[in-house]
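J.: Next input, structure requested:
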Amino acid sequence: MYKNLKYEVKEGIAYITISRPEAMNALNNHVLDELFTAFYSVSKDPLVKAVILTGEGKAFVAGADISAMHKMEPKEGRDMMIKGHNVMNLIETVEKPVIAAVNGFALGGGCELAMACDIRIASEKAKFGQPEVGLGIIPGFGGTQRLPRLVGKGMAKELIYDRRNNKCAGSYAYRSGEQGDDAGGIAAGGESHGPENHDTRPVRGSDGESIHPQRTEHGPGHRFCV
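T.: Numbers count the residues shown, from 1 in each chain. Next up is the predicted model:
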């Protein structure tokens with residue numbers, strides 16, 4: 001059914017893996033179509049209680065497929081942008097928790113895809129960024145709106161204007177898990193834990209690498225990266 005995704009449901013969790021490792025899982029029209037189909041299926045499947053979204057290989061999603069976009073006419077580019085918005089909006093509004101297990105590069109459209117999820121859990125190799133300005137464009141899949149909601153307007157402008165890529169452990173983490181719920185434990189099949197009993201059991205990425213919540217020393221709860 002899917003050429004660019006791997007989709008399976010186990011014990012009530014839908015595992016969706018973007019599988020274009022030769023292209024660093026870059027988003028093109030085919031990937032966007034399949035993501036929309038997969039998440040629509042999730043929304044209608046009563047057996048699915050939650051979703052874990054990840055990427056195969058060294059990247060979560062390294063961005064939109066620039067090689068494909070380079071050949072597009074303006075209308076085709078606009079159509080792809082609208083399609084990307086539809087996918088992100090569906091992920092954001094599906095009535096089931098969606099966890100992005102970020103195992104590497106989450107740049108451009110990949111960062112926007114992670115932001116559309118409810119929770120982002122990153123490996124130590126994860127890097128986030130909105131480098132589109134280097135190509136003379138802006139984030140086109142809703143990043144200009146979701147990023148300031150997550151990190152604040154000033155930091156969002158800095159990240160977009162400066163086009164830097166940020167490691168998860170850097171200063172661009174935003175506060176999440178306000179109630180102390182252990183997203184890592186839940187994603188790994190464990191129970192929710194309050195702030196007095198944090199659990200750091202990892203989620204496993206497609207390459208077998210541990211992907212785990214990032215903690216900081218600045219107060220209770222976890223901090224997850226953008």
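J.: Distance check, Leu90 against Thr37.
T.: 10 Å (C-beta to C-beta, to the nearest Å). The way it works is simple: take the backbone N, C-alpha and C, and place the C-beta from them, glycine included.
J.: actually Asp118, sorry about that
T.: Distance of Asp118 to Thr37, computed by C-beta to C-beta: 20 Å.
J.: go on, Gln130?
T.: Between Gln130 and Thr37 the computed distance is 26 Å (C-beta to C-beta).
J.: same check, this time on Glu112
T.: Relative to Thr37, and taking C-beta to C-beta, Glu112 is found at 19 Å.
J.: neighbour-wise, which of those two wins?
T.: In this view Glu112 and Thr37 are compared by other C-beta atoms under 10 Å, and Glu112 has more residues nearby, 29 against 15.
J.: mind checking which helix or strand Ser121 is in?
T.: Just so we're on the same page, residue 121 is Ile rather than Ser. If you go by DSSP states H and E, Ile121 is part of strand 119-122.
J.: I'd like to know which elements that strand is packed against.
T.: strand 98-102, helix 183-187, strand 223-225 (3 or more C-beta pairs under 8 Å, 6 or more residues apart in numbering; DSSP states H and E).
J.: Do a quick rundown of the helices in this structure.
T.: In the chain, helices defined by DSSP state H lie at 29-44, 66-69, 74-93, 109-116, 143-151, 153-162, 183-187, listed in chain order.
J.: If you average pLDDT over each of those helices, which is lowest?
T.: Averaging pLDDT over each of these singles out helix 183-187 as the lowest, with a mean of 34.
J.: how about stretch 52-69 as PDB, C-alpha atoms only?
T.: This file holds the C-alpha atoms of stretch 52-69, laid out as PDB (Å, rounded to 0.1, in the frame of the first residue of the first chain):
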ATOM      1  CA  ILE A  52       4.800   7.100  16.900                       C
ATOM      2  CA  LEU A  53       6.200   8.800  13.800                       C
ATOM      3  CA  THR A  54       9.900   8.400  12.900                       C
ATOM      4  CA  GLY A  55      12.300   8.300  10.000                       C
ATOM      5  CA  GLU A  56      14.400   5.400   8.700                       C
ATOM      6  CA  GLY A  57      18.200   5.700   8.800                       C
ATOM      7  CA  LYS A  58      20.100   8.800   9.800                       C
ATOM      8  CA  ALA A  59      17.400  11.400   9.500                       C
ATOM      9  CA  PHE A  60      13.900  12.000  10.800                       C
ATOM     10  CA  VAL A  61      13.200  14.200   7.700                       C
ATOM     11  CA  ALA A  62      15.900  16.300   6.300                       C
ATOM     12  CA  GLY A  63      13.400  18.700   4.700                       C
ATOM     13  CA  ALA A  64      11.400  19.000   1.500                       C
ATOM     14  CA  ASP A  65      12.800  17.400  -1.600                       C
ATOM     15  CA  ILE A  66      14.600  20.300  -3.100                       C
ATOM     16  CA  SER A  67      15.600  18.400  -6.300                       C
ATOM     17  CA  ALA A  68      11.900  17.800  -7.000                       C
ATOM     18  CA  MET A  69      10.900  21.400  -6.100                       C
END
